[in-house]
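>>> The following comprises the amino acid sequence and a computationally predicted model.
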Amino acid sequence: DGGITQSPKYLFRKEGQNVTLSCEQNLNHDAMYWYRQDPGQGLRLIYYSQIVNDFQKGDIAEGYSVSREKKESFPLTVTSAQKNPTAFYLCASSIRGGGRLNQPQHFGDGTRLSIL
Amino acid sequence: AQKITQTQPGMFVQEKEAVTLDCTYDTSDQSYGLFWYKQPSSGEMIFLIYQGSYDEQNATEGRYSLNFQKARKSANLVISASQLGDSAMYFCAMREGRGNQGGKLIFGQGTELSVKP
C-alpha cells in the first residue's frame, strides 16, 4: 500500500542535541511538507519542498533544517537552536506543489518529540 | 491576521444525529480551495472533503457535506448520522491559489467533536 511513513513514533531530545525525524513516501509525490502541532493547536508549516534538491521555509523554520536528496525522502532535523521543540510533528505530501487547487495533502502518522 | 477561524473548541453530538462544525476564512484571492481533515486521537490527519471557490455545488462525500457560503466566507462541515468513530479533532484548511506554487495549506485551530452513545 502506498503511503507516508514517519519514524520514530516517539523521540526524546537532550539539551544541546540535534535530532532527525524521518519521512518517507512511496506515493510518487513531488511535494513534501513538515508541520508542527502544539497541544490544542492547528498545524503550522515548518518547511516544504516542491522538487528534489529544493526546499523553502515555512512560517516557523527557525531552529529546523531539512534536505531533499531523494524524491521519496524529506528528513527534518530539529537543531539545538530550537528552544521549545516539544510538539507533534507531521509530514505530508501532495502530487505537486503547484497546479490544481483540489490536490489534498496526505499525512503520515506523526512523531512526538519531547525534551529529556 | 488569522486566515482560518474555527470558533468551536469543542462540540458534543448524540449518536445518529447530525452536527455542523463551523469554519470561516479570510482571503483576498478569488481562486482558493477549502479542505476538512479529521485527526483521531492516534494523530494521523485524514482528508475528508474539498470545496473549490468556483464550485457551484456544495461538496459531498458520503456522510460529509460542506455548507459553502462564499459571500459570508464560511465553509462549514456537516456530518450526518454521527457515529462513535467520528469522535476526533476536525480541522478546516485553506489553499490559496495566487502566488502559492508550493501548495501550502493554512489550518484553523480545530474543533474537538465528541459523539455520545
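Now that the structure is in, tell me what you want to look at. All values reported here derive from a predicted model rather than from experimental measurement.
>>> From here on, just use CA atoms for contacts and neighbour counts.
OK.
>>> quick one, strands of chain B?
B:4-5, B:10-14, B:19-21, B:24-25, B:32-39, B:46-52, B:60-61, B:64-69, B:74-79, B:88-96, B:106-107, B:111-116 (DSSP state E).
>>> tilt between the second one and strand B:88-96?
Here strand B:10-14 runs at an angle of 120 degrees relative to strand B:88-96 (axes from the mean of the first three to the mean of the last three C-alpha atoms, to 10 degrees).
>>> which helices and strands does strand B:10-14 pack with?
strand B:111-116 (3 or more C-alpha pairs under 8 Å, 6 or more residues apart in numbering or on different chains; DSSP states H and E).
>>> Identify the residues contacting the strand it packs on?
Here strand B:111-116 makes contact (C-alpha atoms under 8 Å, 6 or more residues apart in numbering or on different chains) with B:6-15, B:21, B:82-91.
>>> highest average neighbour count across the strands of chain B?
strand B:88-96 (a mean of 25; mean count of other C-alpha atoms under 10 Å in any protein chain shown).
>>> and it, which strands flank it?
Here strand B:88-96 has these sheet partners by DSSP bridges: strand B:32-39 (antiparallel), strand B:106-107 (antiparallel), strand B:111-116 (antiparallel).
>>> Can I get the strands of chain B in CSV including distance to residue A:14 and mean pLDDT?
Putting the strands of chain B into CSV (distance: least, C-alpha to C-alpha, whole Å; pLDDT from 0 to 100) gives the following:
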stretch, distance to residue A:14, mean pLDDT
strand B:4-5, 35, 96
strand B:10-14, 35, 96
strand B:19-21, 40, 98
strand B:24-25, 39, 98
strand B:32-39, 29, 96
strand B:46-52, 32, 97
strand B:60-61, 45, 97
strand B:64-69, 44, 97
strand B:74-79, 42, 98
strand B:88-96, 30, 96
strand B:106-107, 30, 94
strand B:111-116, 32, 98
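>>> Dump those strands into a markdown table; add distance to residue A:87 as well.
As requested, those are exported to a markdown table (distance: least, C-alpha to C-alpha, whole Å):
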| stretch | distance to residue A:87 |
| --- | --- |
| strand B:4-5 | 21 |
| strand B:10-14 | 21 |
| strand B:19-21 | 25 |
| strand B:24-25 | 26 |
| strand B:32-39 | 15 |
| strand B:46-52 | 19 |
| strand B:60-61 | 32 |
| strand B:64-69 | 30 |
| strand B:74-79 | 27 |
| strand B:88-96 | 16 |
| strand B:106-107 | 16 |
| strand B:111-116 | 18 |
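>>> out of those strands, nearest to residue A:26?
strand B:46-52 (17.4 Å; C-alpha to C-alpha).
>>> which other residues reach the closest one?
Residues from elsewhere that reach strand B:46-52, judged by C-alpha under 8 Å, 6+ apart: A:101-102, A:104-107, B:31-39, B:58-61, B:64-66, B:68.
>>> Could you tell me how far residue A:115 is located from chain B?
19 Å (C-alpha to the nearest C-alpha, to the nearest Å).
>>> contacting residues for that residue?
Applying C-alpha under 8 Å, 6+ apart, the residues near residue A:115 are A:12, A:13, A:14, A:15, A:85, A:86.
>>> The residue lying closest to the first one once chain neighbours are set aside sits in which helix or strand?
Same thing as residue A:12. Spatial nearest neighbour of residue A:12, excluding adjacent residues (C-alpha to C-alpha, 6 or more residues apart in numbering or on different chains): residue A:114 at 4.9 Å. Counting by DSSP states H and E, the element that carries residue A:114 is strand A:111-115.
>>> All set now, cheers.
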